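> here are the coordinates; sequence isn't available:
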Ligand code: HEC
Ligand code: HEC
């Protein structure tokens with residue numbers, strides 16, 4: 001907690017996703033495209049295919065512009081964003097992998113130089129040297145993946161590094177190899193669809209047909225590698241992470257389901273427009289392919305980034321930069337004493353540190369609707385029990401007093417009228433609302449930690465006992481602090497619960 005906090009009104013998860021996903025979509029093409037260019041060039045020269053060589057020259061221009069200009073800029077953008085969003089995690093990655101980064105950047109410089117020479121060398125260099133430069137380009141680009149893949153996988157599966165702190169244990173971590181193969185498959189697949197996009201602008205003649213078909217085969221091979229290595233990849237992620245993701249994290253699982261769909265549709269379009277009727281590969285179809293590719297890759301990356309929640313580095317650091325190794329210090333001395341930069345408003349500072357990396361008050365993952373119509377005591381109890389909520393949140397490791405300060409800060413910003421005025425409902429409907437807000441965060445009916453079975457069929461006295469003696473039932477369970485109306489309405493609602501479903 002040694003850095004000032006970057007507090008702007010955007011959802012950090014979304015910001016990170018947008019920049020990172022567009023970057024990987026281009027950077028993987030930079031690798032696959034490099035291989036494509038030099039392999040296709042070799043074949044075209046051997047066949048003395050002048051038209052194909054001219055097409056490749058044009059493709060190189062598109063390639064250099066997208067990968068070098070957009071890829072390099074967005075890559076720097078990622079550093080800026082992660083440095084602002086989570087300086088502590090960024091620092092941890094830099095410290096642990098200093099030489100990894102240095103190696104990666106060296107490859108990147110070689111890659112950039114080779115790409116520029118390759119582009120300008122089409123007309124001036126001999127065939128042989130030009131191809132050599134092409135291979136140097138591809139090798140440097142792929143080797144940068146070889147390096148960065150280790151660091152990216154490390155965040156989800158740090159493996160033995162957690163005990164040893166050894167560079168190589170962190171680097172060659174459990175998902176390293178499957179991820180490398182998987183990503184290489186993506187590179188090849190993307191080379192196919194990007195190069196089809198360029199070929200799609202050509203007049204519908206035989207040249208276009210054979211070029212599109214050739215490019216489509218790249219996508220098909222890439223798709224095959226993706227399909228096979230995906231299963232290997234998923235199996236390599238420790239089972240406790242994947243099982244919990246399947247049970248508790250509907251959004252990342254929906255993202256990966258969507259990714260399957262995108263990939264499936266993409267495969268069908270590649271087969272139809274790429275292999276069967278390549279002359280009709282219209283630019284609009286190519287754009288759809290690119291969009292599907294982006295959607296697939298986005299879904300996959302979203303899932304990968306999300307299932308390690310609540311950690312930013314699994315089992316090592318939470319998303320809010322709280323380092324697990326410092327648990328004792330936090331619990332003894334609190335978060336505030338660890339903050340080098342304080343604004344004077346302790347509640348706000350604590351909120352930024354403990355919650356703001358994943359929530360806003362009323363934008364991305366908003367907390368206001370979760371607490372409108374409640375009270376500071378309830379909010380504090382939820383903070384202290386945050387690890388028992390649905391959604392897999394980090395445990396609050398600060399002091400009891402600090403939880404109170406955060407609760408005060410949140411309560412100042414919510415609707416403080418009673419729930420019946422906030423939502424303009426009464427009786428059972430009010431009861432349902434009270435349940436959703438005061439119980440449903442920890443017990444989703446028909447879902448996460450459902451308590452319907454325990455609650456169905458109890459008497460009013462028994463309900464009253466649960467509300468009055470909450471902590472006897474669960475240590476983290478908040479006492480009921482709503483007003484008389486809410487209490488009555490909630491008991492009325494609980495009386496309607498039946499086992500095996502709602503009402
Ligand atoms: C590492 C990320 C992370 C941090 C830090 C975090 N949360 Fe959460 N929180 C989540 C996620 C993810 C969910 C589930 C959201 C969903 O599925 O809609 C969630 C859900 C919640 C919910 C339930 C929302 C609802 O409507 O059901 C509340 C309330 C909440 N968080 C409060 C807090 C508070 C207060 C803090 C700070 C003390 C905090 N969270 C810190 C990630 C985080
Ligand atoms: C901050 C999280 C949280 C909230 C909010 C919460 N509970 Fe709980 N509840 C728990 C925990 C933790 C336990 C004990 C562990 C377990 O059974 O999951 C528990 C246990 C229970 C049990 C005991 C279940 C059994 O199996 O015997 C019941 C019943 C229950 N809660 C009902 C409620 C009702 C009704 C509300 C709303 C007024 C509520 N809870 C609000 C966290 C919460």
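Nice, thanks for sending it over. None of these values were measured; they are calculated from a predicted model. Ligands and ions are numbered 1, 2, ... in the order given.
> For the rest of this, base every contact and every neighbour count on C-alpha atoms.
Fine.
> interface residues of the stretch 251-400 of the chain facing ligand 2?
382, 385, 388, 389 (Cα under 6 Å from any ligand atom).
> Quick check: the gap between residue 33 and residue 337.
51 Å (Cα to Cα, to the nearest Å).
> give me the low-pLDDT residue ranges for this protein?
1, 500-503 (pLDDT under 70).
> can you list the domains in this structure?
Following automatic domain parsing, one gets these domains for the chain: 12-318, 324-411, 419-495.
> right, is the first one up against ligand 1?
Yes: judged by Cα under 6 Å from any ligand atom, domain 12-318 comes into contact with ligand 1 through 310, 318.
> Next: the last one.
Yes: in this structure, domain 419-495 sits against ligand 1 according to Cα under 6 Å from any ligand atom; the contacting residues are residue 441.
> picking up where we left off before, for residue 33 and residue 337, indicate the residue with more neighbours.
residue 33 (29 against 11; other Cα atoms under 10 Å).
> ok so, going back, for the domains of the chain, please prepare TSV with the additional fields distance to residue 3.
Below are the domains of the chain laid out as TSV (distance: least, Cα to Cα, whole Å):
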stretch	distance to residue 3
domain 12-318	7
domain 324-411	6
domain 419-495	31
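> so which of the ones you listed gets nearest residue 2?
domain 324-411 (5.0 Å; Cα to Cα).
> Measure how far that closest one is from the centre of its chain, please.
Computed by Cα atoms, centre = their mean, to the nearest Å, the separation of domain 324-411 from the middle of its chain amounts to 23 Å.
> same question, stretch 284-295
Distance, centroid of stretch 284-295 to centroid of chain: 21 Å (Cα atoms, centre = their mean).
> List the contacts of that stretch.
Here stretch 284-295 makes contact (Cα atoms under 8 Å, 6 or more residues apart in numbering) with 21-22, 25, 190, 193-194, 196-197, 200, 259, 262-263, 265-266, 269-270.
> mind listing what's buried in that stretch?
285, 286, 287, 288, 289, 290, 292, 293, 294, 295 (16 or more other Cα atoms under 10 Å).
> And those, which is closest to ligand 1?
Nearest to ligand 1, judged by Cα to the nearest ligand atom, of the buried residues of stretch 284-295 is residue 295 at 21.3 Å.
> Verify the stated contact: residue 278 with residue 208.
Yes: between residue 278 and residue 208 a contact is recorded at 7.3 Å, counting by Cα atoms under 8 Å.
> out of the two, which sits in the more crowded spot?
The neighbour comparison of residue 278 against residue 208 (other Cα under 10 Å) goes to residue 278, with 27 against 22.
> For ligand 2, see how far away the more buried one is.
For residue 278, the distance to ligand 2 under the criterion Cα to the nearest ligand atom, to the nearest Å works out to 57 Å.
> which ones are touching that residue?
208, 209, 210, 212, 213, 272.
> So for it, what's the nearest residue that isn't a sequence neighbour?
residue 209 (4.8 Å; Cα to Cα, 6 or more residues apart in numbering).
> got the contact list for the one you found?
Residue 209 neighbours (Cα under 8 Å, 6+ apart): 277, 278, 279.
> For the second one, give its distance to residue 205.
If you measure residue 278 against residue 205 using Cα to Cα, the figure is 10 Å.
> What is the burial count for the residue of the stretch 201-350 of the chain found nearest ligand 2?
Here the stretch 201-350 of the chain gets closest to ligand 2 at one residue, residue 248, 14.1 Å apart by Cα to the nearest ligand atom. Residue 248 has 18 neighbours, counted by other Cα under 10 Å.
> Over to residue 166?
Considering only other Cα under 10 Å, residue 166 is surrounded by 12 other residues.
> repeat for residue 247
The burial count for residue 247: 11, using other Cα under 10 Å.
> That one sits in which helix or strand?
Using DSSP states H and E, residue 247 sits in helix 239-248.
> buried residues in that helix?
Neighbour-count burial for helix 239-248 [16+ other Cα under 10 Å]: 242, 245, 248.
> which other helices and strands contact the helix or strand following that helix?
Counting by DSSP H and E, the next helix or strand C-terminal to helix 239-248 is helix 250-269. Where contact means 3 or more Cα pairs under 8 Å, 6 or more residues apart in numbering; DSSP states H and E, helix 250-269 is packed against helix 239-248, helix 283-306.
> In TSV, list these along with distance to residue 358.
As requested, those are exported to TSV (distance: least, Cα to Cα, whole Å):
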stretch	distance to residue 358
helix 239-248	17
helix 283-306	12
